[in-house]
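1. just need the structure, nothing else, for what follows:
(one chain, ligands or ions: 2)
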Amino acid sequence: MSLDPAEFGRLRTSVAADWPLDLLLQLKGSTRIAVVIPARNEAATVADVAGDILRDLGTLVDEIVVIDSLSTDDTARVAAAAGAVVHSVTQIRPDLGIRGGKGEAIWKSQFVTDSDLIAFIDADLTDWGTHFVLGVLGPLLADPTVQLCRGFYDRVLHAGGEVTLEGGRVTELVARPWLALYRPELIEMVQPLAGEWAIRRSALETLAIPTGYGVEISTLLDVHSRYGVEGIAQVDLGRRAHLHQQIHDLAAMAVEILAVADRRRGSSDTLAVQSVDGTIAAAVTTRRVDASRISTDRIVSTDERPPRNQVEDPVARR
Ligand SMILES: Nc1nc2c(ncn2[C@@H]2O[C@H](COP(=O)(O)OP(=O)(O)O)[C@@H](O)[C@H]2O)c(=O)[nH]1
Ligand SMILES: [Mg+2]
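-> Ligands and ions are numbered 1, 2, ... in the order given. The predicted structure follows:
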């Protein structure tokens, strides 16, 4: 099932079927392409994700990289066995500090890849296909003015059951309402927080990157501020399923997304508070009370890393 692109106004919307492998191979020319898979404790699924991409898209993709953050399971071993290049965030520029978080993995991936286009794919996908990668790359290969392409999909709510275009809970109750209030030009984004997206390196390296789950909203807002709605595309990938999180973990995710979005409340792409090395260090405390009336505090980091192009190379510093 796909949607009528006419519904999407100025936002460039296509469907994955518009971007078959042979077309992308023609468009690729000398463009180098990386697929980056952030993964923490995804041993059950990461090998299938990386292995399928290598098998189907080996001629298109120049680098396939898994960025692991301190997984306690076999993620790194099974991803390497599937043929991916595996890096731990602890080994990438340790001089810049070592942190957890999905955004941190994406930020550090810039130090171990050199491709012109980078596609990000979640490692916990269970119902997906390698057309996800083709779909997010197609609009960037076809049109040099597109900087960022984000996927959208029906979400499979129950295994073998209903599918719906509704986003996840954080998408529907936090991200899309925030966009409606503060960036109405982006209300046509179906899945603003989708983990499947691609971006030009030249754009990514100019953006501050939140260390955690704020990375999707920040890249969307910052590309919009800088390049306008014309710089953004979205692509219908069909359907997707992944592993679901607990509501309390989603609440922490929502806090980070709101903090990161609120720093970008205006249309300006300049972040106000920056420390000496350009990292924004900030945290929010959340509290919940359980059935025994015992409260637990949780500190949610809302840190952001500086744009890659503002980080000196270690050699240049000496
Ligand atoms: N390297 C790394 N990857 C992470 C981290 N946290 C999440 N991820 C990965 O980011 C992707 C999306 O994370 P997930 O927790 O599934 O978020 P959700 O899909 O938004 O619920 C998955 O591939 C995770 O393994 C982290 O701290 N480090
Ligand atoms: Mg997930």
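2. could you use CA atoms for every contact and neighbour count after this?
-> Fine.
3. so which bits of the protein are right by ligand 1?
-> For the chain, the contact set with ligand 1 under Cα under 6 Å from any ligand atom comprises 38-40, 42, 67-69, 100-102, 105, 122-124, 245.
4. swap the cut-off to 8 Å and go again
-> 37-42, 46, 66-71, 88-89, 99-106, 121-125, 193-195, 212-213, 242-245, 250, 253 (Cα under 8 Å from any ligand atom).
5. show me those that map onto helices.
-> Within the residues of the chain next to ligand 1, residues falling in helices by DSSP state H are Val46, Lys102, Gly103, Glu104, Ala105, Ile106, Leu250, Met253.
6. tell me which stretches of the chain form helices.
-> Ranges of helices in the chain, per DSSP H, are 21-28, 46-57, 75-81, 102-109, 131-142, 169-170, 176-182, 201-204, 215-227, 247-262, 314-317.
7. export those helices as a markdown table, with columns for mean neighbour count and mean pLDDT.
-> Shown next, in a markdown table, are the helices of the chain (neighbours: other Cα atoms under 10 Å; pLDDT from 0 to 100):
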| stretch | mean neighbour count | mean pLDDT |
| --- | --- | --- |
| helix 21-28 | 15 | 98 |
| helix 46-57 | 20 | 98 |
| helix 75-81 | 21 | 98 |
| helix 102-109 | 24 | 98 |
| helix 131-142 | 25 | 98 |
| helix 169-170 | 16 | 92 |
| helix 176-182 | 17 | 96 |
| helix 201-204 | 20 | 98 |
| helix 215-227 | 21 | 97 |
| helix 247-262 | 18 | 94 |
| helix 314-317 | 7 | 65 |
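8. figure out which of those is closest to Asp303.
-> For the helices of the chain, the distance to Asp303 is smallest for helix 247-262, at 8.6 Å, taking Cα to Cα.
9. kindly reformat the helices of the chain as CSV containing distance to Arg308.
-> Shown next, in CSV, are the helices of the chain (distance: least, Cα to Cα, whole Å):
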stretch, distance to Arg308
helix 21-28, 25
helix 46-57, 25
helix 75-81, 25
helix 102-109, 8
helix 131-142, 21
helix 169-170, 28
helix 176-182, 26
helix 201-204, 8
helix 215-227, 13
helix 247-262, 18
helix 314-317, 13
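10. out of the ones you listed, which comes closest to Pro306?
-> helix 102-109 (9.0 Å).
11. residue of the stretch 101-250 of the chain nearest ligand 1, please.
-> Taking Cα to the nearest ligand atom, ligand 1 has its nearest neighbour within the stretch 101-250 of the chain at Gly101, 3.1 Å off.
12. thought that residue was touching Ser69?
-> Yes: assessed by Cα atoms under 8 Å, Gly101 is found in contact with Ser69 at 7.5 Å.
13. now do the strands in the protein.
-> Assigned by DSSP state E, the chain shows strands spanning 12-15, 33-39, 63-68, 85-88, 117-120, 125-127, 148-156, 163-164, 197-200, 209-210, 232-242, 283-289, 295-301, 304-305.
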